[in-house]
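Participant: need a structure here:
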Amino acid sequence: MADIDILAFGETMTMFVAETPGELATVGQFGKRIAGADNNVAIGLSRLGFKVTWLSRVGDDSFGRFVRASLEAEGLDCRRLRIDPRHPTGFQLKSRATDGSDPVVEYFRRGSAASHLNIEEDFDPSLLQARHLHATGIPPALSPSARAFSRHLLQAMRDAGRSISFDPNLRPSLWDSEDQMRRELNDLAALADWVLPGLAEGRLLTGYDTPADIAAFYLDRGAKAVAIKLGPEGGYWRTPDAEGEVPGVPVAEVVDTVGAGDGFATGFVSALLDGLDVATAVARGNWIGARAVQVVGDMEGLPYRHELP
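Facilitator: Next up is the predicted model:
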């Protein structure tokens, strides 16, 4: 692990994307891809030249083999992708939106292999050799064991002096209550250096309305920088010493909104790891997020290093 820049973890699902618009029940043909917010960022960072290790679980099934092959084809180190013989790989169905609206997604992930992440089997001190950890709020929503694993890994990386980025990526339907979601995710955010909520997410998690107040909430809890995604309007950033807003990148046609936030996270995290300032990191995040919405698929629009402006 000594040569690994970034450790990322979460759930990769097999995704079936409708080939034609319409109700999922009436669509006859689907294209097979992979999906998962955490692995979208991992893939984006790998495409930008970082050495990324992916930690997760898949079932001993065809979906799991497809997931592994797809991630390895993107350059991810999958030595920490455990094959779970007792639980299946999750999958999802995704509609084809044609008017720029959010597609309909149906999940089949309850009891999946990734939801059985746990400290005893999946944590190893060698993970702490990674330079940076990227985490989201999805793994802790999957199960109590995955939640305990998430907290343990973030705390261990923080204690080891590694940098941590955290994107809440809210999935309210996976939590017992909004109160639980707020409490658990804010506790995890307090372990991170860089916190990346969307505006609606920040409002729900903090109870504050403005980007400045939302950012202050996380700065007061130890964050070194907060970047708030404002959709087409761009992004707001704040550190203990400064703040600013970076306008969004105009897009002629929005094809698929899923993955825009992951594109932003890819840009923001990569820029800070490149040694750039926070405002420049937000600008790169805006640019990659704008690319992501112009293609079908969750991560297909993520650029390679030579494509960066």
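
Participant: residue 109 is in contact with residue 13, isn't it?
Facilitator: Yes: Residue 109 lies in contact with residue 13 (C-beta atoms under 8 Å); the separation is 6.2 Å. For glycine as for every other residue, the C-beta is placed from the backbone atoms N, C-alpha and C.

Participant: just list the residues touching residue 286, thanks.
Facilitator: Residues near residue 286 by C-beta atoms under 8 Å, 6 or more residues apart in numbering: 234-235, 246-249, 264, 267.

Participant: if we can go back for a sec, more crowded one of residue 109 and residue 13?
Facilitator: residue 13 (22 against 18; other C-beta atoms under 10 Å).

Participant: how about the more buried one: what's its closest non-neighbour residue?
Facilitator: residue 90 (4.3 Å; C-beta to C-beta, 6 or more residues apart in numbering).

Participant: please list all residues in contact with that neighbour.
Facilitator: 11, 13-14, 63, 107-109, 112-115.

Participant: what number of residues lie near residue 233?
Facilitator: Quick note: residue 233 (other C-beta under 10 Å) scores 13 neighbours.

Participant: what's the burial count for the residue nearest to it when sequence neighbours are not counted?
Facilitator: Distances taken as C-beta to C-beta, 6+ apart put residue 248 closest to residue 233, at 5.4 Å, once the chain neighbours are dropped. By other C-beta under 10 Å, 18 other residues sit near residue 248.

Participant: how close does residue 248 sit to residue 167?
Facilitator: 18 Å (C-beta to C-beta, to the nearest Å).

Participant: show the contacting residues for residue 292.
Facilitator: Taking C-beta under 8 Å, 6+ apart, one finds 259-260, 262-263, 298-299, 301-302 in contact with residue 292.

Participant: ah, wrong one, I meant residue 116
Facilitator: 57, 84, 86-87, 143, 145-146.

Participant: confidence score at it?
Facilitator: The per-residue pLDDT reported for residue 116 equals 98.

Participant: before we move on, what about residue 2?
Facilitator: The predicted local confidence for residue 2 is 50.

Participant: all strands of the chain, in order?
Facilitator: 6-9, 13-18, 30-35, 52-59, 77-84, 91-94, 105-108, 132-136, 163-167, 194-195, 225-229, 234-238, 243-247 (DSSP state E).

Participant: sorry, back to before: joint contacts of residue 109 and residue 13?
Facilitator: 90-92.

Participant: can I get these in JSON lines including distance to residue 49?
Facilitator: As requested, these are exported to JSON lines (distance: C-beta to C-beta, whole Å):
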{"residue": "90", "distance to residue 49": "29"}
{"residue": "91", "distance to residue 49": "30"}
{"residue": "92", "distance to residue 49": "29"}
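
Participant: ok, and what's touching stretch 156-169?
Facilitator: Outside stretch 156-169, the residues touching it (C-beta under 8 Å, 6+ apart) are 7, 37, 41, 123, 125, 127-128, 130-138, 154, 185, 188-189, 191-198, 201, 205, 261-262, 265, 268-269, 273.

Participant: just the buried ones among the residues you listed, please.
Facilitator: 7, 37, 41, 123, 127-128, 130, 132-138, 154, 185, 188-189, 191-198, 201, 205, 261-262, 265, 268-269, 273 (16 or more other C-beta atoms under 10 Å).

Participant: those residues in helices, which ones?
Facilitator: 37, 41, 154, 185, 188-189, 201, 205, 261-262, 265, 268-269, 273 (DSSP state H).

Participant: any chance of the contacts of residue 292 in CSV, with distance to residue 228 too?
Facilitator: Below are the contacts of residue 292 laid out as CSV (distance: C-beta to C-beta, whole Å):
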residue, distance to residue 228
259, 18
260, 14
262, 15
263, 15
298, 21
299, 22
301, 22
302, 21
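
Participant: these, buried ones only, as a ChimeraX selection?
Facilitator: Buried members of the contacts of residue 292, defined by 16+ other C-beta under 10 Å, are picked up in ChimeraX with:
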select :259,260,262,263,298,299,301,302
